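Undergrad: sequence plus the predicted model coming up.
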Amino acid sequence: MSKNNTMSNSGKSKQEKGFDPNGDKQLVPGGEIHQIAGGEHPALTTNQGVPLSDNQNSLRANQRGPTLLEDFILREKITHFDHERIPERIVHARGTGVHGFFELTASLKQYTTARILTEVGEKTPVFTRISTVAGGAGSVDTPRDVRGFAVKFYTKEGNWDLVSNNIPVFFIQDAIKFPDLIHAVKMEPDRGFPQSATAHDTFWDYISLTPESMHMVMWIMSDRTIPRSLRMIEGFGVHSFRLLNDAGESTFVKFHWRPKLGLQSTIWDETVKITGADPDFHRRDMFEAIAAGKYPEWEFAVQLFTQEEADSFPFDHLDATKLIPEELVPLKVIGRMVLDRWPNNFFAETEQVAYCASNVVPGIDFSNDPLLQGRLFSYQDTQLSRLGSPNFHQIPINAPKCPFSNQQRDGHMQMEQPAGRVAYEPNSLSENSPRETPTNGFHSAAVTETGEKGRIRAESFADHYSQARQFYLSQTLYEQAHIASALVFELSKVEHVHVREAMVGHLRHIEEGLAKRVAAGLAIKTMPAAPVAAAPVQELALSSALQIIGKMKDTLNGRAIGILIADGSDGAVIEKIKKAATDAGASVKIVAPKVGGAKLADGSILVAEGQLAGTPSVLFDAVAVILSDEGAKALSMEGAAIDFVRDAFGHLKAIAVDKGGQALLKIANIGQDAGIVDANDKEAFIAAAKIRQWDREKFVRTLA
Ligand code: HDE
């Protein structure tokens, strides 16, 4: 905006006739109030730079007459508005993006020429978008769903997009199946529901006919798909990639992200209630963490292995339904990612960012995984339809931060103005046009390919159940119960009995006990026959790295504590709990019947951050209830207060109580256990708040 276009609002000329719409701080006929904040404001203009005298009234033939076609200001504004949306992503439409940096801590020089993986201490800017898969852009943050974990590294050698998920395997082995899988999971085409949910007939029908998806089914039915926070999920590149060193030798690699805050998930009933209380739960959590300077961080790790090692694995690493257990190939931590800057504009950055699985840099290459091979085509193609132009790489969020140039020209929305008469390569007419760089340029691994062409699935892809069994048996008993219960819940929503039975048949290959639990939960009397397995089920070594509970960290960092108070509460106890929780790294919110606050015992007013009816305990990791006898009595008539403590108890959270708090628990019919602690014993509360009271679960819920 040029200085000439700047003028103060109060300097505007008054309209000659009719009501003055721009008068200072006055009510205009439409009812809106014009607030004139202090300072110099740039002039409001059209897209052509023409200053507007009135942005509240369209041009009319007379005061109560029709609007005139001549009103180019109205037409421009409305036309732009009509075109504000672009097609949402066909999958992963709902997402949260944050800027940050990647820092390499250990060099992979022996394996790769990629500078981002060899220059220790270098900080590379990144833009990371974490998403759900099935729902539309406006859907909630908390369905049971896989989370996408896409990172764009703006490296010195071009953009590298690592487009990952929070689960290390996938549903299918071949990209040609992807449209069917997604059609099955998305809302059913005749009725237009359910939005972002796997619990419906078409999804389970497809899955029951797709044995290769069984390993992924175990993961999605685990609590991995109902994370507590986007800051508490892992990320996996899923496929094997290759690293290429300067001798041209290649090594296979799998990429992993591990959250510094550890893994944490919610409980299904809790998630259902969070969805109602705050549909933006994860986005808000990330926003608030960044605003508070509590920047989420992940370790970046690799699993490196040779072709010979791969040949010895009891599965094929090119099959995306298989993972490589950490016990077989240990993770080597080589860097960290910190997310520290919220985007300026959601649409410009988070919506327009265009990740492409094919965006790699010299020194990184692809494997033959048939799922990855299909993705190499799909992402570029989908961005063309979403962003509408082959120049989408010029949008600032997508543009490399290193120099880039070639002879590609023109197209919709070309932002560059390449000079000169040469637009081809090779040429002898230009002294400074871009040329190939045979040494540093991108090279593919020199791999020999032999064999017959055809639409063939490798025999080494035939084992569909062994790793599913390994996953299930590696879980704690609590997590196994959650998997069984999730299956019962999902299949209960399936109307077709033969689909339910087919799923139980598959489960029999995974673990007979699991199959029986699910059959009992569905009241299936006769166990359905298991389908013929394409390969025998192997007994694989168990891996505790597959658990969530085992990967929870003993910390309150990143966690939230809610303190329920009312008129008459003891300020000293509240303060003590608040300080202990804050010192331990948690964020604390005071919840009261009125957001303006409560009058404490000493007569002072304590302002609340949350009003009781809109701030249920599902939004916290642990709660304290500090009430006077009178306060407890008043809240005993309040359903939201009863739910507050009942849900905290039912979701296995620590509850700190004083005498009044204890009275509310009694009214809510809540018993005592190790997770109910005296509000004056802050050490006991902090220790209990760091964990879920798993032993309580059998008393509050019937799990499958
Ligand atoms: Fe994607 N996927 N995908 N996917 N995917 C897309 O690209 C696709 C797969 C993943 O935050 C689309 O920009 C095919 C695996 C993430 O913008 C599309 C196949 C993994 C994101 C597409 C897969 C992913 C996407 C839709 C099977 C984990 C969101 C919109 C061959 C390793 C990125 C878009 C963001 C997005 C295709 C399977 C991760 C249509 C064909 C496996 C995180 O191109």
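TA: That came in fine, so what should we check first?

Undergrad: residues in contact with Val146?
TA: Val146 makes contact with 132-133, 165-167, 220, 225, according to C-beta atoms under 8 Å, 6 or more residues apart in numbering. Quick note: C-beta positions are derived from backbone N, CA and C, even for glycine.

Undergrad: quick one: buried residues of the top helix by length along the chain?
TA: If you go by DSSP state H, the chain has its longest helix at helix 370-387. Under the neighbour-count criterion of 16 or more other C-beta atoms under 10 Å, helix 370-387 has 370-375, 378-380, 382-383, 386-387 buried.

Undergrad: of the residues you listed, list those near the ligand.
TA: 371, 374-375, 378-379, 382 (C-beta under 6 Å from any ligand atom).

Undergrad: what sits against Ala301?
TA: Ala301 neighbours (C-beta under 8 Å, 6+ apart): 255-258, 331-334.

Undergrad: element containing it?
TA: strand 297-305 (DSSP states H and E).

Undergrad: let me know the next secondary structure element after that strand.
TA: helix 307-312.

Undergrad: outside of that following helix, which residues touch it?
TA: So helix 307-312 is contacted by 240, 252, 317, 329 (C-beta under 8 Å, 6+ apart).

Undergrad: buried residues in whichever helix or strand comes after it?
TA: Counting by DSSP H and E, the next helix or strand C-terminal to helix 307-312 is strand 332-341. By neighbour count on 16+ other C-beta under 10 Å, the buried set for strand 332-341 is 334-339.

Undergrad: mind listing the helices for the stretch 101-250 of the chain?
TA: Here the stretch 101-250 of the chain has its helices, by DSSP state H, counting those that start in this stretch, at 178-185, 201-208, 214-221.

Undergrad: just the CA trace of the second one, in PDB.
TA: Looking back up the chat, that one is helix 201-208. Extracted C-alpha coordinates of helix 201-208, given in PDB (Å, rounded to 0.1, in the frame of the first residue of the first chain):
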ATOM      1  CA  ASP A 201     -21.500 -50.200   6.900                       C
ATOM      2  CA  THR A 202     -19.600 -49.300   3.800                       C
ATOM      3  CA  PHE A 203     -16.300 -48.900   5.600                       C
ATOM      4  CA  TRP A 204     -16.500 -52.200   7.400                       C
ATOM      5  CA  ASP A 205     -17.900 -54.000   4.300                       C
ATOM      6  CA  TYR A 206     -14.800 -52.900   2.300                       C
ATOM      7  CA  ILE A 207     -12.500 -53.800   5.200                       C
ATOM      8  CA  SER A 208     -14.000 -57.200   5.700                       C
END
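
Undergrad: closest one to Thr67 out of the contacts of Ala301, please.
TA: Set against Thr67, the nearest of the contacts of Ala301 by C-beta to C-beta is Trp257 (54.2 Å).

Undergrad: where's stretch 40-57 relative to the chain centroid, distance-wise?
TA: The chain centre lies 39 Å from the centre of stretch 40-57; the measure is C-alpha atoms, centre = their mean, to the nearest Å.

Undergrad: CA atoms of that stretch as CSV?
TA: Provided in CSV are the C-alpha atoms of stretch 40-57 (Å, rounded to 0.1, in the frame of the first residue of the first chain):
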residue,chain,number,x,y,z
GLU,A,40,-3.5,6.3,11.0
HIS,A,41,-5.4,3.6,9.1
PRO,A,42,-4.7,2.8,5.5
ALA,A,43,-7.5,3.7,3.2
LEU,A,44,-9.9,0.8,2.3
THR,A,45,-9.7,0.4,-1.5
THR,A,46,-10.9,-1.8,-4.3
ASN,A,47,-8.5,-4.4,-5.7
GLN,A,48,-7.6,-1.7,-8.2
GLY,A,49,-6.5,0.6,-5.5
VAL,A,50,-9.5,3.0,-5.7
PRO,A,51,-10.3,4.3,-2.2
LEU,A,52,-13.8,3.6,-0.9
SER,A,53,-16.0,6.3,0.6
ASP,A,54,-18.6,3.9,2.0
ASN,A,55,-18.3,0.2,2.7
GLN,A,56,-21.7,-0.2,4.3
ASN,A,57,-24.2,0.9,1.6
